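Visitor: Kindly generate the corresponding structure for this input.
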Amino acid sequence: MKKHDLYFGVCLGLFFCPFFISKDLFDFYMASVRSHALLMSFLKFALLATLGEVIGLRIVRGRYHVPGFGLWPRALVWGGLGVGIQLAFVIFATGAPAVVSKFLVPLPQGILGQPFSGEKLLAAFAVSVSMNLIFAPLFMTLHRVTDMHIQETGGTLRGFFSPIDFGRILQRIDWQVMWGFVFKKTLPLFWIPAHTITFLLPEMHRVLFAALLGVVLGTILAVASLAKCGHAATV
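Guide: Now for the predicted structure:
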């Protein structure tokens with residue numbers, strides 16, 4: 001561990017520690033999540049998922065920031081994606097149990113809010129599978145497009161708000177990495193089990209758990225993207 005890693009860890013500890021030692025601050029946070037769900041989701045993912053990308057950069061490049069990384073554009077992207085994730089949670093948590101009830105096994109109304117049971121496990125698994133097979137691939141592809149756009153425009157806010165050439169960027173995506181690693185491996189081996197756990201938790205704790213998963217998601221996607229860029233630079 002280098003000195004800047006220690007400083008980085010201390011800064012993170014100082015930022016998050018008050019939420020664990022102050023009940024009033026934690027209660028304020030939870031109340032904000034309930035009353036301003038979309039705004040808090042934007043802020044949560046803008047902070048935590050971007051943090052995951054910074055950690056991924058440190059793993060691959062040995063530094064927490066490099067020229068052209070685009071910290072603020074990445075935070076804006078993650079904030080917007082966080083709103084989409086919040087909406088997806090509501091949509092699939094409502095729809096997936098209804099599909100299971102209609103075509104497989106009848107489930108009680110509001111099963112995800114009830115104590116743990118086999119039926120709740122089935123419902124949570126159905127939510128996770130449907131969300132990760134329907135929503136996640138589009139979500140991850142959109143993230144990759146915006147990531148490449150940020151890289152191409154030098155990581156600046158002005159460049160970020162320039163038009164995105166989706167057709168050209170989609171052709172330039174390394175689909176072997178996207179399919180062979182991001183889709184084929186992380187979805188079934190990590191995200192489906194992780195989101196099954198998410199929807200087994202009480203609703204008030206799902207947001208916190210999803211925030212932690214946001215760090216992991218940012219790290220995984222950053223490592224996949226940056227490792228590929230590093231490999232291409234050596235060829």
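
Visitor: List the contacts of M30.
Guide: M204 (CB atoms under 8 Å, 6 or more residues apart in numbering). Backbone N, C-alpha and C define where each C-beta goes, glycine included.

Visitor: Tell me the spacing between it and T146.
Guide: Distance, M30 to T146, by CB to CB, to the nearest Å: 30 Å.

Visitor: likewise I220?
Guide: 16 Å.

Visitor: What are the boundaries of the helices in this protein?
Guide: Using DSSP state H, the helices of the chain run over 3-21, 23-35, 37-61, 71-103, 118-130, 136-152, 157-160, 166-172, 175-177, 192-198, 203-234.

Visitor: and those as a markdown table, adding mean pLDDT?
Guide: Output for the helices of the chain, formatted as a markdown table (pLDDT from 0 to 100):
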| stretch | mean pLDDT |
| --- | --- |
| helix 3-21 | 77 |
| helix 23-35 | 85 |
| helix 37-61 | 85 |
| helix 71-103 | 94 |
| helix 118-130 | 97 |
| helix 136-152 | 94 |
| helix 157-160 | 95 |
| helix 166-172 | 96 |
| helix 175-177 | 88 |
| helix 192-198 | 94 |
| helix 203-234 | 65 |
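
Visitor: Dump those helices into CSV; add distance to L112 as well.
Guide: As requested, those are arranged in CSV below (distance: least, CB to CB, whole Å):
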stretch, distance to L112
helix 3-21, 25
helix 23-35, 17
helix 37-61, 16
helix 71-103, 6
helix 118-130, 6
helix 136-152, 19
helix 157-160, 37
helix 166-172, 35
helix 175-177, 34
helix 192-198, 10
helix 203-234, 8
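
Visitor: just so I know, which of these lies nearest F183?
Guide: helix 136-152 (6.0 Å; CB to CB).

Visitor: just checking, what packs against that closest one?
Guide: Applying 3 or more CB pairs under 8 Å, 6 or more residues apart in numbering; DSSP states H and E, one finds that helix 136-152 contacts helix 71-103, helix 157-160, helix 166-172, helix 203-234.

Visitor: what residues are up against the nearest residue to I150 once chain neighbours are set aside?
Guide: In this structure, I150 finds its nearest non-sequential neighbour in G70, 4.1 Å apart by CB to CB, 6 or more residues apart in numbering. Residues near G70 by CB under 8 Å, 6+ apart: I150, Q151, T153, G154, G155, T156, F160.

Visitor: Mind checking the helices of the chain for the one nearest to G110?
Guide: helix 71-103 (8.7 Å).

Visitor: can you give me the angle that closest one makes with helix 37-61?
Guide: 120 degrees (axes from the mean of the first three to the mean of the last three CA atoms, to 10 degrees).

Visitor: what's helix 71-103 packed up against?
Guide: Using 3+ CB pairs under 8 Å, 6+ apart: helix 71-103 touches helix 37-61, helix 118-130, helix 136-152, helix 157-160, helix 203-234.
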